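1. this one's structure only:
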């Protein structure tokens with residue numbers, strides 16, 4: 001894949017948008033006995049997140065009621081989770097996902113990496129301030145408290161939101177970094193983890209894309225393979241996520257979606273998060289990579305793995 005790549009979403013702002021009419025339609029769908037789930041899907045599935053916020057504002061102005069609270073009272077199960085994710089402002093949604101990934105028994109390390117390794121510097125700063133406003137806690141402190149070792153250092157580095165975002169790649173620096181990673185790993189007894197952290201957490205994604213080409217040429221094997229042989233556990237998964245998203249971000253998310261649906265049980269939280277957050281970014285590209293990698297369309301997987309109104313709304317969002 002050429003870099004940079006112009007991403008293709010499945011959801012763009014609706015052209016014939018009438019937030020007042022949509023707010024009225026949602027009120028009608030929830031008023032009286034029973035709920036018209038089909039109408040809710042029709043109103044919300046193909047709107048942008050900002051348009052959904054406008055609908056919520058009109059809903060409150062017209063009826064003096066909070067749309068999210070009304071939807072919570074009317075819906076249930078995975079369909080409720082999906083609809084609420086759709087109507088929540090994205091910074092708040094990401095902040096809650098990070099918070100919930102660290103709450104309760106065990107930590108969802110893959111969720112932490114997925115969000116922090118693929119967000120822009122600006123968005124990481126927005127998420128950090130939103131996290132503090134919502135939970136009265138510091139995101140960096142929570143990450144440090146829930147993780148340990150080299151994985152903790154990687155997350156703290158990513159949480160700074162200081163990755164180079166210059167789209168211009170310096171070939172000489174790429175070559176130097178490739179050599180440094182080779183010396184820190186394959187050519188060294190033991191591994192110099194800090195070199196991997198410093199390069200993979202701070203270099204631009206176009207730089208990392210070129211670095212991987214250089215590394216494979218001088219090492220005779222891929223950077224992915226080097227990371228797998230030098231690291232294990234959470235830090236291995238964290239570094240691989242950065243490398244994979246730099247090499248081909250849609251393929252990275254396609255793999256995450258496949259893992260969420262393959263085998264026994266469905267990781268619905270991962271499925272909802274990726275469909276909701278990538279639908280306005282590059283979900284059409286993710287669909288292409290999914291079909292290429294797994295021989296079946298994303299729609300086929302979703303149809304076979306979900307049911308009811310939850311399935312209908314997911315399919316509406318990915319098509």
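-> Looks like it arrived, so ask away. All values derive from a computational prediction rather than experimental measurement.

2. List the buried residues for the helix or strand harbouring residue 69?
-> Element membership of residue 69, judged by DSSP states H and E, is helix 67-74. For helix 67-74, burial by neighbour count (16 or more other C-beta atoms under 10 Å) applies to 67, 70, 71, 74. In this view, the C-beta of every residue, glycine as well, is placed from N, C-alpha and C.

3. secondary structure element for residue 101?
-> Assigned by DSSP H and E, residue 101 belongs to helix 90-102.

4. So what touches that helix?
-> 49, 85, 88, 107-109, 111-112, 115, 119, 123, 126-127, 130-131, 134-135, 139, 142-143, 146, 269, 273, 276-277 (C-beta atoms under 8 Å, 6 or more residues apart in numbering).

5. now those residues: which count as buried?
-> 49, 85, 88, 108-109, 111-112, 115, 119, 126-127, 130-131, 139, 142-143, 146, 269, 273, 276-277.

6. who's in contact with residue 121?
-> Contacts of residue 121 by C-beta under 8 Å, 6+ apart are 161, 162, 163, 165.

7. Which one of these sits in the busiest neighbourhood?
-> Counting neighbours by other C-beta atoms under 10 Å, the top entry in the contacts of residue 121 is residue 163, with 21 neighbours.

8. So that one: helix, strand or coil?
-> Following DSSP: H, G, I helix; E, B strand; the rest coil, we place residue 163 in the coil state.

9. In terms of residue numbering, what are the domains of this protein?
-> When the chain is parsed with automatic domain parsing, its domains come out as 19-75, 90-159, 171-231, 248-318.

10. Just put those in a markdown table and tack on mean pLDDT and distance to residue 12.
-> Shown next, in a markdown table, are the domains of the chain (pLDDT from 0 to 100; distance: least, C-beta to C-beta, whole Å):
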| stretch | mean pLDDT | distance to residue 12 |
| --- | --- | --- |
| domain 19-75 | 97 | 7 |
| domain 90-159 | 96 | 15 |
| domain 171-231 | 93 | 23 |
| domain 248-318 | 97 | 7 |
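
11. quick one: buried residues of the longest helix along the chain?
-> In the chain, with assignment by DSSP state H, the single longest helix is helix 233-261. Residues 234-236, 238-258, 260-261 are the ones in helix 233-261 that count as buried (16+ other C-beta under 10 Å).

12. just stretch 49-63 next, same as before
-> 49, 51, 52, 53, 54, 55, 56, 58, 59.

13. which one of these sits closest to residue 179?
-> residue 49 (42.8 Å; C-beta to C-beta).

14. What is the neighbour count of the residue nearest to the closest one when sequence neighbours are not counted?
-> Nearest residue to residue 49, sequence neighbours excluded (C-beta to C-beta, 6 or more residues apart in numbering): residue 90, at 5.4 Å. Number of residues near residue 90 (other C-beta under 10 Å) recorded here: 18.

15. any idea how far residue 64 is from residue 90?
-> For residue 90, the distance to residue 64 equals 26 Å [C-beta to C-beta, to the nearest Å].
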